[in-house]
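[1] show me how the following folds:
(2 chains)
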Amino acid sequence: TQLLEQSPQFLSIQEGENLTVYCNSSSVFSSLQWYRQEPGEGPVLLVTVVTGGEVKKLKRLTFQFGDARKDSSLHITAAQPGDTGLYLCAGPTGGGKLIFGQGTELSVKP
Amino acid sequence: DVKVTQSSRYLVKRTGEKVFLECVQDMDHENMFWYRQDPGLGLRLIYFSYDVKMKEKGDIPEGYSVSREKKERFSLILESASTNQTSMYLCASTPGGTGAFSGNTIYFGEGSWLTVV
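    Residues are numbered from 1 along each chain as shown, chains lettered A, B, ... in the order given. Okay, the predicted model is just below:
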């Protein structure tokens, strides 16, 4: 069974700090996605990484796919209160399904 | 704008009741999904569907069934609600009908909060 493990589960930081969230698996994935979910809303796609070693940037967010395609990281530079939310990684499994990590709950205090 | 609409945002039901959660998408997507989300467990797939009248079990189908009579509508049914089904339920859709997830964006509804008492 393919699993995605996210760490940390909770993160509370001050505005302006940097942080990294990790998504790890013992299985190889053809691609990984990162979603952000705000309270009371459904998750919204941030990025899809498809090539081992790939780095993608979205403003202050940097996403990396591991060389072996078993892990990914999300790095936020100079976090802002608007970055607060639940961050989820997700990857495809056989048969058209998408599995999700447990999520990282990020709180950025002003 | 693409849209996945879940008809009920908040429901309170009694143990043993039959519960229907409705989901409609306006993007002509082939694939539709039902997940439940619980703190610390992430999203877990209940059922999904590649096409009208087709359904596949996800990871936690016990106690649930689904119906897809029209392409745009995917319903989740709790035949006899129990307290351990109290959760947030998310409907989602994505294009493609072959069953192979190709990295397309998956679009989620806003969620339905179900409390079973």
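
[2] all strands of the chain, in order?
    Because you didn't say which chain, this covers chain A. With strands called from DSSP state E, chain A shows them at A:5-7, A:10-14, A:19-24, A:32-37, A:44-49, A:55-58, A:61-65, A:71-76, A:85-92, A:98-100, A:104-109.

[3] oops, wrong one, chain B.
    Using DSSP E, the strands of chain B run over B:4-6, B:10-13, B:19-25, B:31-38, B:42-49, B:56-57, B:64-70, B:73-78, B:87-94, B:107-108, B:112-116.

[4] what count of nearby residues applies to residue B:64?
    When counting by other CB atoms under 10 Å in any protein chain shown, one arrives at 20 neighbours for residue B:64. No exception for glycine: its C-beta is placed from N, CA and C like everyone else's.

[5] next up, the contacts around the closest residue to it other than its chain neighbours.
    Once flanking residues are discounted, residue B:64 sits nearest to residue B:46: 5.2 Å by CB to CB, 6 or more residues apart in numbering or on different chains. Contacts for residue B:46 (CB atoms under 8 Å, 6 or more residues apart in numbering or on different chains) come out as B:34-36, B:58-61, B:64, B:66, B:76, B:89.

[6] please redo it, this time with the cut-off set to 10 Å
    By CB atoms under 10 Å, 6 or more residues apart in numbering or on different chains, residue B:46 lies in contact with B:33-36, B:57-66, B:76, B:87, B:89-90.

[7] re earlier: in a markdown table, list the strands of chain B along with mean pLDDT and distance to residue A:93.
    Shown next, in a markdown table, are the strands of chain B (pLDDT from 0 to 100; distance: least, CB to CB, whole Å):
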| stretch | mean pLDDT | distance to residue A:93 |
| --- | --- | --- |
| strand B:4-6 | 95 | 21 |
| strand B:10-13 | 96 | 30 |
| strand B:19-25 | 97 | 22 |
| strand B:31-38 | 94 | 13 |
| strand B:42-49 | 92 | 9 |
| strand B:56-57 | 92 | 12 |
| strand B:64-70 | 96 | 19 |
| strand B:73-78 | 97 | 20 |
| strand B:87-94 | 94 | 14 |
| strand B:107-108 | 91 | 18 |
| strand B:112-116 | 97 | 25 |
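
[8] out of those strands, nearest to residue A:17?
    When these are compared by CB to CB, strand B:42-49 sits nearest residue A:17, at 24.8 Å.

[9] what pairs with that closest one, and is each one parallel or antiparallel?
    According to DSSP bridges, strand B:42-49 has the following sheet partners: strand B:31-38 (antiparallel), strand B:56-57 (antiparallel).

[10] pick the most deeply packed of the ones you listed.
    Sort these by mean neighbour count, taking mean count of other CB atoms under 10 Å in any protein chain shown, and strand B:31-38 sits at the top with a mean of 24.

[11] distance of the residue nearest to residue B:64 from residue B:87?
    Here the criterion is CB to CB, to the nearest Å. By it, residue B:46 lies 10 Å from residue B:87.

[12] overlap in contacts of these two?
    B:35-36.

[13] so which elements touch the lowest-mean-pLDDT helix or strand in chain A?
    When the helices and strands of chain A are scored by mean pLDDT, DSSP states H and E, strand A:98-100 comes last with a mean of 87. Under the contact definition 3 or more CB pairs under 10 Å, 6 or more residues apart in numbering or on different chains; DSSP states H and E, strand A:98-100 sits against strand A:32-37, strand A:85-92, strand B:31-38, strand B:42-49.
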